[in-house]
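Peer 1: fold the stuff below for me.
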Amino acid sequence: MSYFGEFRKSWRFLSAAGFGLAAGYSITHYVANLMTPHLIENFGWTRSALALIGTTAVLAVLCQPIAGRLTDAFGVRRMATVGVVFAPLVFIGMSLMSGPIAQYFALSVIQVVIIGGTTSATIYSRLVAHNFDRARGVALAIATCTPAALGAISVPFISVVIDNHGWRAGYIAVAAMVAVVGLTALALIPKNADAHVVKRAAEPASGTSYREIFGTPAFRLIILGMLLTNLAFTLQTSQLKVLLLDKGVDSDAGSMAISLFASGVFLGRLLCGAALDRFPTYVVAAISMGLPSVGLLLLATDISSILVIASAVVVLGLCIGAEGDVLAYVVVKYFRVEIYSTVLGLVLGSIALSITLGSLLLSYILKTSGTFVPFLVICSVSTLVGAIMFYQLKRVPVFR
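Peer 2: Below is the predicted model:
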């Protein structure tokens, strides 16, 4: 089948994956960046305490691998339905918070375990991995950039709602949006989408699959690379606007920067997806995962030029966007499709561990120094080292 013929044949799988990811856990990153300053102002939470919310990601170390295994066994539709039901309920719960940070912590746990476990790439990207071959990179890019597209479109709208009606109304608007988009995703999944998954359920659930996974050199390099390149994730997805305000950027410019960040994620996934279909995987992965080192280092300097700051934010967005393509593509490139979700769940679990460690480090540094600079420098170095790990995939034979 031709490159574009795959899109004509499998557009419903691609659309379902895109809408499902957009209405799932990914949208929380954009919402958190908008809401964090308001929560700090209204409830008096400290930045160091709020940074600890990122430690809830440690739960994904367990729930993502479990979700991957269940998806290989039972299919996308059953897992996704749970997430579509719970996602709007959690945002409604956040709109009702009365002050104790424990409430936000509890709701964040639900987001990570239930919504993150049932609406992530572990679940939805399987639809693309199974139904695209020649155009897999671009197809994965389109699916995984849909959350960024929704973020770029919705952030200005939600900001207006917050400015005019308050942050609680902002959460309600987000709840309504994810409910509509999530139900659309479920409606688009073809009825026979999971027939082959259920038929092969016994194979990916076996201990043999785990021995195969852990014994593969590619798995060790990918895990180490992801651990090193995701330490700054919490900063980028929940405290980026706070960092920009600290650097003297006004609130309106800060909101615009968050929108640029989301747009960068969108563009990064498309560019990376196209590159993965045309260039060696290890080269694209190393460049995509290593570039944030530059953006983080720029933000660590005293440079106050809005152009430089905006450029650094865009670079971070581009690379976070590219990561969505890289992690899905390297898994399908180096492992059998039958164990795709199991491997991807383990990889996402390693990212969750990295995010947790990064959150603890960020909280400690903010508490002891009151500045983001040491954290930015440490993450810049670790990101560069992690990129080298991805380049080492050059020495590992691909599965297909």
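
Peer 1: from here on, contacts and neighbour counts on C-alpha atoms
Peer 2: Fine.

Peer 1: would you map the helices across the stretch 151-300 of the chain?
Peer 2: Assigned by DSSP state H, counting those that start in this stretch, the stretch 151-300 of the chain shows helices spanning 167-188, 195-199, 207-214, 217-229, 233-238, 240-246, 251-276, 281-290, 292-300.

Peer 1: make JSON lines from those and add mean pLDDT and mean neighbour count to it.
Peer 2: JSON lines is the format used below for these (pLDDT from 0 to 100; neighbours: other Cα atoms under 10 Å):
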{"stretch": "helix 167-188", "mean pLDDT": "94", "mean neighbour count": "20"}
{"stretch": "helix 195-199", "mean pLDDT": "53", "mean neighbour count": "14"}
{"stretch": "helix 207-214", "mean pLDDT": "76", "mean neighbour count": "13"}
{"stretch": "helix 217-229", "mean pLDDT": "93", "mean neighbour count": "22"}
{"stretch": "helix 233-238", "mean pLDDT": "79", "mean neighbour count": "23"}
{"stretch": "helix 240-246", "mean pLDDT": "79", "mean neighbour count": "20"}
{"stretch": "helix 251-276", "mean pLDDT": "78", "mean neighbour count": "23"}
{"stretch": "helix 281-290", "mean pLDDT": "92", "mean neighbour count": "23"}
{"stretch": "helix 292-300", "mean pLDDT": "89", "mean neighbour count": "22"}
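
Peer 1: pipe those helices into JSON lines and attach distance to residue 130 per row.
Peer 2: What follows is these, written out as JSON lines (distance: least, Cα to Cα, whole Å):
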{"stretch": "helix 167-188", "distance to residue 130": "16"}
{"stretch": "helix 195-199", "distance to residue 130": "10"}
{"stretch": "helix 207-214", "distance to residue 130": "18"}
{"stretch": "helix 217-229", "distance to residue 130": "20"}
{"stretch": "helix 233-238", "distance to residue 130": "29"}
{"stretch": "helix 240-246", "distance to residue 130": "36"}
{"stretch": "helix 251-276", "distance to residue 130": "16"}
{"stretch": "helix 281-290", "distance to residue 130": "19"}
{"stretch": "helix 292-300", "distance to residue 130": "30"}
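
Peer 1: residue 61: which of the ones you listed is closest?
Peer 2: helix 217-229 (11.6 Å; Cα to Cα).

Peer 1: could I have the closest one exported to CSV, CA atoms only?
Peer 2: The C-alpha atoms that make up helix 217-229 are tabulated as CSV, following Å, rounded to 0.1, in the frame of the first residue of the first chain:
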residue,chain,number,x,y,z
PRO,A,217,20.0,-4.0,24.7
ALA,A,218,17.6,-1.4,23.1
PHE,A,219,15.3,-1.5,26.1
ARG,A,220,18.1,-0.6,28.5
LEU,A,221,19.3,2.3,26.4
ILE,A,222,15.8,3.6,25.9
ILE,A,223,15.0,3.4,29.6
LEU,A,224,18.3,5.1,30.7
GLY,A,225,17.8,7.8,28.0
MET,A,226,14.2,8.6,29.2
LEU,A,227,15.3,8.7,32.8
LEU,A,228,17.9,11.3,32.1
THR,A,229,16.0,13.5,29.7
